[in-house]
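Visitor: here is a sequence together with a model predicted from it:
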Number of protein chains: 2
Amino acid sequence: MTEQLRLSPIGYVECAAAEATPRDGWEEIESRVVLRSDLAGGLEGLSGGRKILVVFWFHRSDGFELLQHPKGDPTRPKRGVFTLRSPRRPNPIGVTVVDLLEIEGNVLRVRGLDAFDGTPVLDIKPVRNGKEC
Amino acid sequence: MTEQLRLSPIGYVECAAAEATPRDGWEEIESRVVLRSDLAGGLEGLSGGRKILVVFWFHRSDGFELLQHPKGDPTRPKRGVFTLRSPRRPNPIGVTVVDLLEIEGNVLRVRGLDAFDGTPVLDIKPVRNGKEC
């Protein structure tokens, strides 16, 4: 169980949310996903006006607890980390469905990505019927 | 851009699909996600009858191409890897929404997980409204 798997970012998030923002205010935030230029060819066939799934690395997260208060709210009873979207998880991977607004070269302009400026991006995937991941 | 990120599996998939199966026949396949026993506490609050998102490692995948035929079908024109669910991607991460049938201790019985026997599991996340990831 000590197997180590290695990843390299395919790009990084650029957005204005460099500091903590309201936990529920991400829906309208616009960000840029700047892909490594050598991977831009992998965007062939994608265009704005659809949803995509962004897999990213919670680079500010350090450690985890098995039981956590939902949204860090101490008035709510603790629950298992696998029932939460908390960044404090055994593998600090985030997965979010976002609106793809536009692609320009190796830059994807998206809305609704709950990731801070500088977040490493691990993958981009299609979403079908707005719900399949 | 050479940043290296490290992951350790939180568990492994057990299922009968040790060999290649029809690419579109996964919906009805039942599998077991066997979590590391020290992480079982993170399942607190989860129970059968809902959907969950499983993040896993395409452990049989080796390398990638930026342009690929959808579902490996040479009669279909190649598209960018980021428009496909192909396992041959820069970071071999899979993300699938599955039906959680039952939890017993550290074992999750699920339906619809398109992962072979022995697949390392990286994360389990909640799905809200059947569509949010």
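Guide: Arrived safely, thanks for sending. Numbers count the residues shown, from 1 in each chain, chains lettered A, B, ... in the order given.
Visitor: can you tell if the longest strand belonging to chain A touches chain B?
Guide: If you go by DSSP state E, chain A has its longest strand at strand A:93-104. Yes. Residues of strand A:93-104 contacting chain B under Cβ under 8 Å from any Cβ of the partner chain: A:93, A:95-97. Heads up, the C-betas are built off the backbone N, CA and C, glycines and all.
Visitor: got a winner among these for most neighbours?
Guide: Highest neighbour count within the residues of strand A:93-104 next to chain B: A:Ile93, with 23 neighbours (other Cβ atoms under 10 Å in any protein chain shown).
Visitor: so that residue bridges to which residues?
Guide: Here A:Ile93 sits in beta bridges with A:Trp57, as judged by DSSP bridges.
Visitor: neighbours around the residue nearest to A:Gly63 when sequence neighbours are not counted, how many?
Guide: The shortest distance from A:Gly63 to any non-neighbouring residue, by Cβ to Cβ, 6 or more residues apart in numbering or on different chains, is to A:Arg88 (6.5 Å). Residues lying near A:Arg88 (other Cβ under 10 Å) number 15.
Visitor: need the three-state assignment for A:Arg88.
Guide: coil (DSSP: H, G, I helix; E, B strand; the rest coil).
Visitor: gap between it and B:Val95?
Guide: 20 Å (Cβ to Cβ, to the nearest Å).
Visitor: list the buried residues in stretch A:104-111.
Guide: For stretch A:104-111, the neighbour count (16 or more other Cβ atoms under 10 Å in any protein chain shown) marks A:106-110 as buried.
Visitor: pLDDT (mean, whole number) over stretch A:39-46?
Guide: Mean pLDDT, stretch A:39-46: 97.
Visitor: endpoint to endpoint, that stretch covers what distance?
Guide: Taking Cα to Cα, to the nearest Å, stretch A:39-46 runs 13 Å from one end to the other.
Visitor: what's the pLDDT at A:Tyr70?
Guide: Quick fix: residue A:70 reads Pro, not Tyr. Reading off the model, A:Pro70 has pLDDT 94.
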